[in-house]
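**Student:** Let's see this in three dimensions:
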Amino acid sequence: MRIVVLVKHVPEPTAVWRFSDDLTLDRAGLDGRLSQLDEHAVEQAVRLAEEGGPTECTLTCLTMGPAPAADALRKALAMGGHQAVHVLDEALHGSDALATSLVLAKAVQRLRFDLVVCGMASTDAEMSVVPSMVADRLGVPQATNASALSTNGTSVTVRRETDSASEEVVVPLPAVVSVTDQSGEPRYPAFKAIMAARKKPVQAWSLADLGIEAAEVGLAAAGTVVHDLRPRPPRTAGTVVVDDGDAAVRLADYLAGARIL
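**Tutor:** A predicted model of the protein is given here:
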């Protein structure tokens, strides 16, 4: 079985975001990491690969982005990926979700695949649309919000937890599956695995390798435009209600004044 797991290099959650003159995120100037939600996708993909046996399954980690995105691939390889592909091209700068899904779908097609596993969202943009877009471009079914998944080689079975029920969904392969952060704790790579990941093959592909024109991606081709941005204002001090016997009344008055009640 050929499994492809999509991963993304995102800014550290505690980092102060900076933006370039063209109003895009200055990714090169920020410390980054493998998206936490994508760690869950890698964990589930590695579990499937381990269940299938090392000779029966190939697990490829795939990303697109500037040079630092290779760090996300190395983390995914240390977690158990077999090989990696990094789509790296200057023309990708400023690409939106539409262009991202185009590039990833073309790369997945070139790899050939039975199953694509991805997180339910990235922790920077949090749009949650790329997995569906990739599935649509590939012309394969998608199972979303998986808390557990298994495969028999011809189909993938997904468990989904909703507010009212636990659902089991079965889709034929090839397919795309997005997993949630309820799918299990991602493993922490041991030092030996981290060192071994440095020797695993990482290929760099350009847009030309995928048959994509530069005009199809990047800031100029984006379907969304950022006109302005400003820092979030600092948080103001809250209101403290001291209970002198009338705290309930004062709290109700405050909520009513704030039009919360």
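
**Student:** Which neighbouring elements make contact with the worst-scoring helix or strand of the chain on mean pLDDT?
**Tutor:** Lowest mean confidence among the helices and strands of the chain (mean pLDDT, DSSP states H and E): helix 247-257, at a mean of 87. Identification of packing neighbours for helix 247-257 by 3 or more C-beta pairs under 8 Å, 6 or more residues apart in numbering; DSSP states H and E yields no helix or strand. (C-beta placed from N, C-alpha, C; glycine too.)

**Student:** Please enumerate residues in contact with that helix?
**Tutor:** Residues from elsewhere that reach helix 247-257, judged by C-beta atoms under 8 Å, 6 or more residues apart in numbering: 239, 241, 261.

**Student:** and that helix, which residues are buried?
**Tutor:** If you call a residue buried by 16 or more other C-beta atoms under 10 Å, then helix 247-257 has no buried ones at all.

**Student:** got it, and stretch 157-177?
**Tutor:** Residues of stretch 157-177 classed as buried under the neighbour-count rule (16+ other C-beta under 10 Å) are 157-160, 169, 171, 173-177.

**Student:** is Thr60 in a bridge, and if so with what?
**Tutor:** Val4, Gln83 (DSSP bridges).

**Student:** Angles on the backbone of Asp209, please.
**Tutor:** Summarising the backbone geometry of Asp209 under the convention degrees, to the nearest 10, its torsions are phi -60, psi -30.

**Student:** Equivalent analysis for the one 3 residues further on, please.
**Tutor:** According to degrees, to the nearest 10, the main-chain angles of Ile212 amount to phi -110, psi 130.

**Student:** Next one: the spatially closest residue to it that is not a sequence neighbour, what pLDDT does it get?
**Tutor:** Nearest-residue entry for Ile212: Lys106, 6.0 Å, with adjacent residues in sequence omitted and distances by C-beta to C-beta, 6 or more residues apart in numbering. pLDDT for Lys106: 97.

**Student:** what's the distance between the nearest residue to His93 once chain neighbours are set aside and His227?
**Tutor:** For His93, the nearest residue in space outside its immediate sequence neighbours is Gly218; the separation is 5.9 Å by C-beta to C-beta, 6+ apart. In this view, Gly218 and His227 are 18 Å apart by C-beta to C-beta, to the nearest Å.

**Student:** Looking at those two, which is more packed in?
**Tutor:** Residue environment comparison for Gly218 versus His227 gives the larger neighbour count to Gly218, 18 against 5, counting by other C-beta atoms under 10 Å.

**Student:** Just the mean pLDDT for the biggest helix by length in the chain, thanks.
**Tutor:** With DSSP state H setting the assignment, residue counts place helix 36-52 as the longest helix in the chain. For helix 36-52, the mean per-residue pLDDT is 92.

**Student:** for it, the distance to its chain's centre please.
**Tutor:** Here the centre of mass of C-alpha atoms in helix 36-52, compared against the chain's by C-alpha atoms, centre = their mean, to the nearest Å, lies 13 Å away.

**Student:** Check which residues of that helix are buried.
**Tutor:** When neighbours are counted by 16+ other C-beta under 10 Å, the buried residues of helix 36-52 are found to be 37-49, 52.

**Student:** Check stretch 51-67 too.
**Tutor:** 52, 57-66.

**Student:** Between those, which sits nearest Gly245?
**Tutor:** Distance from Gly245 was checked for each of these by C-beta to C-beta. The minimum falls on Gly65, at 58.8 Å.

**Student:** thought the residue nearest to His93 was touching Asp96?
**Tutor:** No: proximity of Gly218 to Asp96 does not meet the contact threshold set by C-beta atoms under 8 Å, at 9.3 Å.
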